[in-house]
Structures are given as C-alpha cells and as structure tokens.
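K.L.:
Fold the stuff below for me.
(one chain, ligands or ions: 2)
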Amino acid sequence: MRALVLLLSLFLLGGQAQHGSDWTYSEGALDEAHWPQHYPACGGQRQSPINLQRTKVRYNPSLKGLNLTGYETQAGEFPMVNNGHTVQISLPSTMRMTAADGTVYIAQQMHFHWGGASSDISGSEHTVDGIRHVIEIHVVHYNSKYKSYDIAQDAPDGLAVLAAFVEVKNYPENTYYSNFISHLANIKYPGQRTTLTGLDIQDMLPRNLQHYYTYHGSLTTPPCTENVHWFVLADFVKLSRTQVWKLENSLLDHRNKTIHNDYRRTQPLNHRVVESNFPNQEYTLGSEFQFYLRKIEEILDYLRRALN
Ligand SMILES: *[C@@H]1O[C@H](CO)[C@@H](O)[C@H](O)[C@H]1NC(C)=O
Ligand SMILES: *[C@@H]1O[C@H](CO)[C@@H](O)[C@H](O)[C@H]1NC(C)=O
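P.N.:
Ligands and ions are numbered 1, 2, ... in the order given. Next up, the predicted model:
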C-alpha cells in the first residue's frame, strides 16, 4: 500500500513538473480551487490576497513610510513579456524599497491583475471593505540579504510586494501609461516579448506613496509561497476607460483566449492582523465631508491633467 502511495505521488509530482504552467483561475483541472492539490502552500493559513476590512485594520503610528529609491526615470531597455497569465515587466536592481523595519528589498518585476470578463467586472486581487477595484498593480521585490530572486523566493523572509489599485472614472488618458499600453499589441501571444525603452515606475504608481496597509501573506499565484511582506497603497492610479479596456483585451493565454479575470479570490485572514500607517479617515471625518473632499480632489485632478 505504502509503495502504491509512493508511486502515485511520484506520478503526481511528475505531472506537476510536466504541466507546471498549466494552472488557471477558472478553467480546466488546475483551476484555483485545485491549486492546493499540486501546490500544497496554496492551502496554507497565511494566503493572499485578502479583504482589507478597514474597521479591523490596526493603525500603527510608529510605522514609517516606505523609502523607494530608483523608482524615478530609468534609462535603458526593459523586457516586457506575455507569460500567459499577465503582462510582466522586468525591473532593474537599482530600484529598491526600504520597509519600516529597515529591510531593503530589490525590485524584480512588475505585473498586473485585471477583470474584463464583462464590462463591469473588476479584477483587483485585494478588496477593500469587500469592494474589488478595477486593476491591481504588483511590484515584486526580494530581500537584499539574498543574492538573487531565485534564492529569495524559497526563503521565509524572501519577498515583498508593493501593490496599488487602479481607479477608473471619466478620467482622461494617463499619459504615463501610454508607452506601456501601446506595447501590449506586440505581445498578444503567450511567450512573446517586447522592450520598453526607458521606464518611470514612480509615475505609474499613485501620487501618495506614503500611506499603506501591510500584512504577511503569500504569492497570489502557484506555488503560493507564504513569504511575502505585503504593502498595499491606499491611494489610486487613475486610468481612462479606454486604457483599462486595452489592458483587459490585448493579451491571449495558452489556449488563445483573451486573458480576463486573472485574479485569485480573497483568502481567509485567519489570525493575522493588517496594519496601516495612517488613521482611517472615514471615522475621523464625517462621511458627507469625505464625499465633498473626494469630489474636490477629482475636480482638481481633472484640471491638473487638462492643463498639462
Ligand atoms: C532612502 O534610502 C536611500 C538608499 O538606501 C538612502 O540613501 C536614503 O537616506 C533613505 N532616505 C530616507 C528618508 O530614509
Ligand atoms: C494560437 O494562434 C496562433 C496564431 O493564429 C497559432 O499559431 C497557434 O497555434 C494557436 N495556439 C493554440 C493553442 O491554438
């Protein structure tokens, strides 16, 4: 019996190696509900993404802001690939993030999660008070105490992801995204590569890079390793509807189907606590005041873009 189990597991392991890239979100034998069968960590207790329930977030006034260096304009060539699940941009090791505890992380790559299966389906991975935003940006870093991403990805304190949400209203084109979005047409098929000349990640992130939610979780795709220190920015990136539509409809997966809804469902928080380095304004200011404040911000933002 034991020999049989061993044989069977060897067979399954072989299958995993052979079909390692065959996982999906919702189709076929390796949809997200079945990830834990081939990737045991996906069934763990500290998984990502999660719902960020703001009434449960603990404000920690001693948490400092992130120190991002090398995020501004970088000259050079940056490979961009359709990996069958998303679009991924390789980042230079000069891009670094120092967390509040002093850990220095080195940027590795940046990718996106989106919806698009129907016109009003959003595709962020983390949700805020149960609300799914349109797109989620992940800038993946590894701990600088390790020599490379490959080594760090298996270490318990190996990775950190800086995440940001995209918001879409009737915003005009965000020109910081124009070059990136125009390159999507070059990588329609999985495995195709293109090159971005020059890159400014800071411009592709929200204006406020100081306020964040943080917790310990995992990669949101197989192998779901539980070694990710998450930093989810509170502010949003603003894109036009056309820009969002292009990101949602430009790339095909390994079955030649448009990549839609490439996000994992939220996972149980279990005994983890999410912290923020800013107080929850909803509770310190009246909600009506909040509403008008947001309207004023939107108008100012619109004017700023119109004048540019
Ligand atoms: C941010 O990090 C850089 C490089 O590690 C360092 O030179 C700089 O002093 C840091 N800035 C702050 C405000 O801590
Ligand atoms: C996807 O489409 C391309 C171009 O038409 C074709 O070469 C390729 O074989 C297709 N792949 C699949 C899995 O159907």
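K.L.:
which ones are touching the closest residue to ligand 1 within the stretch 101-250 of the chain?
P.N.:
Nearest to ligand 1, among the residues of the stretch 101-250 of the chain, is residue 104, at 6.4 Å (C-beta to the nearest ligand atom). The way it works is simple: take the backbone N, C-alpha and C, and place the C-beta from them, glycine included. By C-beta atoms under 8 Å, 6 or more residues apart in numbering, the residues touching residue 104 are 96, 97, 98, 143, 144.
K.L.:
mind giving me CSV with the residues you listed and columns for neighbour count and distance to residue 171?
P.N.:
Formatted as CSV, these follow (neighbours: other C-beta atoms under 10 Å; distance: C-beta to C-beta, whole Å):
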residue, neighbour count, distance to residue 171
96, 16, 30
97, 24, 27
98, 16, 31
143, 21, 36
144, 15, 36
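K.L.:
Tell me, how many residues neighbour the residue of the chain found nearest ligand 1?
P.N.:
At 3.7 Å from ligand 1, residue 67 is the closest residue in the chain, using C-beta to the nearest ligand atom. Residue crowding around residue 67 was assessed by other C-beta atoms under 10 Å; the count is 13.
K.L.:
Then the one 3 residues further on?
P.N.:
Residue 70 has 17 neighbouring residues, counting by other C-beta under 10 Å.
K.L.:
Please apply the same query to residue 242.
P.N.:
11.
K.L.:
Now do whichever strand or helix holds it: which elements does it pack against?
P.N.:
Assigned by DSSP states H and E, residue 242 belongs to helix 241-249. On a contact count with 3 or more C-beta pairs under 8 Å, 6 or more residues apart in numbering; DSSP states H and E, helix 241-249 meets strand 104-114, strand 159-168, helix 178-182.
K.L.:
Same list (these) but as TSV, adding mean pLDDT.
P.N.:
Shown next, in TSV, are those (pLDDT from 0 to 100):
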stretch	mean pLDDT
strand 104-114	98
strand 159-168	97
helix 178-182	97
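K.L.:
Save these as TSV, and put in distance to residue 242 too.
P.N.:
As requested, those are arranged in TSV below (distance: least, C-beta to C-beta, whole Å):
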stretch	distance to residue 242
strand 104-114	14
strand 159-168	10
helix 178-182	9
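K.L.:
partners of the spatially closest residue to the residue of the chain closest to ligand 1 that is not a sequence neighbour in the sheet?
P.N.:
Using C-beta to C-beta, 6 or more residues apart in numbering and skipping the chain neighbours, the partner closest in space to residue 67 is residue 98 (4.0 Å). Listed by DSSP bridges, the beta-bridge partners for residue 98 are residue 67, residue 104.
K.L.:
State the pLDDT value of residue 98.
P.N.:
pLDDT, the model's per-residue confidence, is 98 for residue 98.
K.L.:
What strands flank the host helix or strand of residue 216, and is each parallel or antiparallel?
P.N.:
Assessed by DSSP H and E, residue 216 sits inside strand 212-217. Strand 212-217 pairs in its sheet with strand 228-239 (antiparallel), strand 275-276 (antiparallel), by DSSP bridges.
K.L.:
looking at those strands, which is buried most?
P.N.:
strand 228-239 (a mean of 22; mean count of other C-beta atoms under 10 Å).
K.L.:
Next up, the contacts around residue 183.
P.N.:
By C-beta under 8 Å, 6+ apart, the residues touching residue 183 are 80, 194, 196.
K.L.:
Which among those residues count as buried?
P.N.:
80, 194, 196 (16 or more other C-beta atoms under 10 Å).
K.L.:
So which of those are in strands?
P.N.:
80, 194, 196 (DSSP state E).
K.L.:
any idea how far stretch 34-46 is from the chain center?
P.N.:
Mean-position distance between stretch 34-46 and its chain equals 19 Å (C-alpha atoms, centre = their mean, to the nearest Å).
K.L.:
So that it lines up with my notes, have the first residue be 42 from now on.
P.N.:
Sure, I'll start numbering at 42, so the last one becomes stretch 75-87.
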